[in-house]
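Student: Return a 3D structure for these sequence lines:
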Amino acid sequence: GTVTMAGMPLALVLGYGVSRATASGMQELRNAVFAHVAQDAIRRVGQSVFHHVHQLDMTYHLSRNTGTLSRILDRGNRSISFVLNAMVFNVVPTTIEVGVVTGLMAYEFGAMHSGVVLG
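Tutor: Here you go, the predicted structure:
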């Protein structure tokens, strides 16, 4: 009775702390895995662009400002990470969630109700 009631707030606070630490650890793990994938994609695209730029003829290089080209390529590399992050963590999960909910609504209540989910 009394011991159990006195220990309840402590148990709740400890449980909350453990859940927050676990959530933070999982987010760090997600970011570490994603960073490896994103860096691999950026490296592959960068190598492809590097080889393409070096295959261009000399007149192209003489008529362009090298600093501008370098800045554009750097922006492109940074945007790859942003787009991958948006797709992997926002667009794809939302699309899957809408698809699952729409499918369940169609299965349980018919196509008319699933249309309401999409509309």
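
Student: From now on I want contacts and neighbour counts done on CA atoms only, so please keep to that.
Tutor: Fine.

Student: what about S114, neighbour count?
Tutor: Close neighbours of S114, defined as other Cα atoms under 10 Å, add up to 19.

Student: Likewise for the one 5 residues further on?
Tutor: Per other Cα under 10 Å, the neighbour tally for G119 reads 6.

Student: Let me see the backbone angles for G110.
Tutor: Taking degrees, to the nearest 10, you get phi 100, psi 170 for the backbone angles of G110.

Student: now do D57
Tutor: According to degrees, to the nearest 10, D57 has phi -70, psi 170.

Student: From G67, how far off is it?
Tutor: Using Cα to Cα, to the nearest Å, D57 is found at 18 Å from G67.

Student: try G110
Tutor: Per Cα to Cα, G110 is found 59 Å from G67.

Student: Tell me which of the two has more neighbours.
Tutor: Using other Cα under 10 Å, the more surrounded residue of G110 and G67 is G110, with 13 against 9.

Student: so what pLDDT did the more buried one get?
Tutor: Predicted confidence (pLDDT) for G110: 91.

Student: now do L69
Tutor: On the pLDDT scale, L69 is placed at 82.

Student: what's the following helix or strand after the longest helix along the chain?
Tutor: Longest helix in the chain by number of residues, with DSSP state H as the criterion: helix 2-55. Sequence-wise, the next helix or strand downstream of helix 2-55 (DSSP states H and E) is helix 58-63.

Student: helix or strand right after that following helix?
Tutor: Per DSSP H and E, helix 58-63 leads on to helix 66-86 as the next helix or strand towards the C-terminus.

Student: and that following helix, which residues are buried?
Tutor: N77, I80, S81, L84, N85 (16 or more other Cα atoms under 10 Å).

Student: With stretch 33-47 instead?
Tutor: Here stretch 33-47 shows F34, A38, A41, I42, G46 as buried, counting by 16+ other Cα under 10 Å.

Student: ok, now stretch 112-119?
Tutor: Applying 16+ other Cα under 10 Å to stretch 112-119 flags H113, S114 as buried.

Student: name the helices or strands packed onto the helix or strand harbouring V100?
Tutor: Element membership for V100 (DSSP H and E) is helix 92-109. Secondary-structure packing of helix 92-109 (3 or more Cα pairs under 8 Å, 6 or more residues apart in numbering; DSSP states H and E): helix 111-118.
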